Every structure is written in structure tokens, then in C-alpha cells.
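Trainee: Pasting the sequence and the predicted model now:
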Amino acid sequence: MTDPSPCALFPPLLPAKGTIGIIAPSRWPQAEMLERTVVHFEARGYEVVVHDQCYLQHGTLAGRDAARAEALNDMFGDATIDAIVCARGGSGGLLVLDRLDYELIRANPKPFIGSSDITVLLQAITCHTGMVTYHGPMGFHFLPERYEAYTEDDLFYMISGDPTERRLRFPMVEVERAGKAEGRLVGGNLSMLQSLIGTAYDWSGDGAILFIEDVNEPLYSIERMMAHMRLAGKFEGIRAVLVGEMVGIPEEKADSMALGDCPYGRTLKEVMLKHLPPEVPIGFNYPCGHGRYLTTLPVGACVRVTITPDLCDVVIPL
């Protein structure tokens, strides 16, 4: 199943002094994580509501599947909540997709923000409601060892303020193939995107600007996922690719499971380029992964991308 329209519609912007709700659709968050998120948002003048579900634990998850789905439905159904931020990723998001009330979500549009495991929720909501969702920071990103001020600034730049054209400029992007492209923004965590193939929440790369990232995966796993996506036709019709920071990918570490004591024999870039289309603009090291700087990208929105030797420029018409 592909997205319901070429470009999704933006939800209302977060108003000044609005209310941000926090939920935990995946792993359970530590109290410090929740406290720092509340402090950061309140310092900007927002009210913050932490859903009781955030304090539940069921194994590694923040409560059972039904409780995690109910929390998301609650926050969308609550008219006093103006935006929803996920506390963290981890695992478990896939288990709640068929429990969400997409009609309720469609009738109550508001910014929904998360990344990593939350990729599946972003895609599912955009796919079934036609609403833009936001690949961006979570409570996890405001811990001392993770925090980078640009991360928070980009979030509020994207979901609040003057509703005019937005522009994100990144001089640190490593350009592999320069060029310009326009299309619908699709992407997120590579493992999560692969997990959606063949489901009712599947995605299409046709006419899209694709952004992908992953963390702590061996190269043989990255190559398997990329090959699967290519064979499944997911890269057909793609107009540009932004490869995010691939943190913790052991390029030179021996792969004992597959090749004994021998290194994998290829770099991460070589693996990616082997499977991506050879003619489209491509940039690496884009700040949409698990690094200290995570920008905010509107999933499903139509964007214009320019990749040059000096920078990557992303323009989001609102």
C-alpha cells in the first residue's frame, strides 16, 4: 500500500504557550529522560503533559501493546494537546500499528514527533491519514550525553512559528553526487522501513526524496536490508537520497557469523551505493540519524533538495 496522496498535509502549527503531550510507544523511558524533556519544553514557554502510560513497564516496553496504543489515541483525541512527542524509540512500535484509531488521528491533526523505532508510526500515520508527521528528536535526545542545541532549535523551527517556507542548510553533508530534486519526503530508520514492506503500512519511493539511517548494525545486515529494498522495487522512481549518520556501524570489524575472521571487505558507502540508483543526487552524513545533531524532517511533505559540493539545502514549502 502506498501513501494516499502525492504530498501529505501539514497539521496545525504548535501555538505559542501551547501544550505538548509525551507518550512512550516503544521502550520504557527513564525518569531522568522524562524530566529533562519537560524542563526543555517548559523553558520555551510550553505546557507539558506526560501520559501515565510512560511510567508503565512490561519487559523492555512501556506497558503492554494495548496500553501504548491507547496512549497515542488518547493524546490525539485530547483537544487540549497541541503536539505529541515520543519519549524514546528502541522497539515495540510495530506492535501497535493495527491498534491505532486512524480515523480519530485524521480528525484531530497535530504535530507528531519521533524517530528510530518510531519510524513505523510516522509512516503508518502519514500513510493512513494523509497528515505530515515529523522525524525528529525525542526525550532521549535531551539527556546530557546526547544533547545538541541545534536539535531542539530545528524542532521548534519546523513545528511552530511563522507558517512560511522553511529552509534547512547543512554544510557538513558529504556529497557523493550533486544535483537538484523535488519530491515527497519519505524515510527514517532503515530496519524499520524494511519491516513495513508487504504490510498495510508500506511505503513507496516513487517520486520521493528518500532519507535513511541506522545504528549498531553490522555491514552484512545493512547490505541485506538494502538488497531486499532494491529487489522489492523500493528504490524505483526515487529522485534523491539523503543518507543519515550511520552510528555504530563496524566497517572494519571481523564478521564472525558470515566470514570467519575476515573483514566484510566493503565500506558502508560502497554498500549503500551498490544498491541505490546510480543517477540520482546523493549526500552522506546528513543529520537525521543517531548522532548528537538530529534535525526535524516532515515525513510526507513535498520538498526541494539541492546537493552541492558546499552544502545540502532542503526547502520545505508549507
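Mentor: Now that the structure is in, tell me what you want to look at. Numbering: from 1, shown residues only.
Trainee: the strands in the stretch 201-318 of the chain, which residues?
Mentor: 208-213, 240-244, 282-286, 297-299, 302-307, 312-316 (DSSP state E, counting those that start in this stretch).
Trainee: can you list contacts of the fifth one?
Mentor: If I follow you right, that is strand 302-307. Outside of strand 302-307, the residues within contact range by C-beta atoms under 8 Å, 6 or more residues apart in numbering are 6-7, 173, 175, 177-185, 209, 240, 242, 281-283, 312-317. Glycine gets a C-beta too; all of them are placed from N, C-alpha and C.
Trainee: if we can go back for a sec, between the strands of the stretch 201-318 of the chain, which one is closest to H51.
Mentor: strand 297-299 (22.3 Å; C-beta to C-beta).
Trainee: Now for the closest residue to K269 other than its chain neighbours, how many residues are close by?
Mentor: Using C-beta to C-beta, 6 or more residues apart in numbering and skipping residues adjacent in sequence, the residue nearest K269 is F284, 6.4 Å away. A count of neighbours around F284, defined by other C-beta atoms under 10 Å, yields 19.
Trainee: show me the contacts for F284.
Mentor: Applying C-beta under 8 Å, 6+ apart, we find F284 in contact with V173, E174, V175, E176, V243, K269, M272.
Trainee: rewinding a little: can you tell me which of the strands of the stretch 201-318 of the chain the model trusts least?
Mentor: Of all the strands of the stretch 201-318 of the chain, mean pLDDT reaches its minimum on strand 312-316 (a mean of 88).
Trainee: got the CA coordinates for the helix or strand containing E182 in CSV?
Mentor: In this assignment (DSSP states H and E), E182 forms part of strand 179-189. The C-alpha trace of strand 179-189 is given here as CSV (Å, rounded to 0.1, in the frame of the first residue of the first chain):
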residue,chain,number,x,y,z
GLY,A,179,22.1,17.7,-8.1
LYS,A,180,18.6,19.1,-7.5
ALA,A,181,15.3,17.2,-7.0
GLU,A,182,11.7,17.8,-5.9
GLY,A,183,9.5,15.1,-4.3
ARG,A,184,7.7,13.7,-1.4
LEU,A,185,9.9,13.2,1.7
VAL,A,186,10.0,9.5,2.8
GLY,A,187,12.3,7.7,5.2
GLY,A,188,13.6,7.1,8.6
ASN,A,189,15.3,4.1,10.2
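Trainee: Over that strand, what's the mean pLDDT, rounded is fine.
Mentor: Mean predicted lDDT for strand 179-189 stands at 96.
Trainee: Likewise for stretch 39-52?
Mentor: Across stretch 39-52, the average pLDDT comes to 96.
Trainee: then it to PDB, C-alphas only?
Mentor: C-alpha atoms of stretch 39-52 as PDB (Å, rounded to 0.1, in the frame of the first residue of the first chain):
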ATOM      1  CA  VAL A  39      12.300  21.100  31.600                       C
ATOM      2  CA  HIS A  40      13.400  21.900  28.000                       C
ATOM      3  CA  PHE A  41       9.900  22.300  26.700                       C
ATOM      4  CA  GLU A  42       8.700  24.400  29.800                       C
ATOM      5  CA  ALA A  43      11.700  26.600  29.400                       C
ATOM      6  CA  ARG A  44      10.300  27.600  25.900                       C
ATOM      7  CA  GLY A  45       7.000  28.500  27.500                       C
ATOM      8  CA  TYR A  46       5.000  25.400  26.700                       C
ATOM      9  CA  GLU A  47       2.800  23.400  29.000                       C
ATOM     10  CA  VAL A  48       3.700  19.700  29.200                       C
ATOM     11  CA  VAL A  49       1.600  16.700  29.900                       C
ATOM     12  CA  VAL A  50       3.300  13.300  30.400                       C
ATOM     13  CA  HIS A  51       0.900  10.500  29.800                       C
ATOM     14  CA  ASP A  52       0.600   8.000  32.700                       C
END
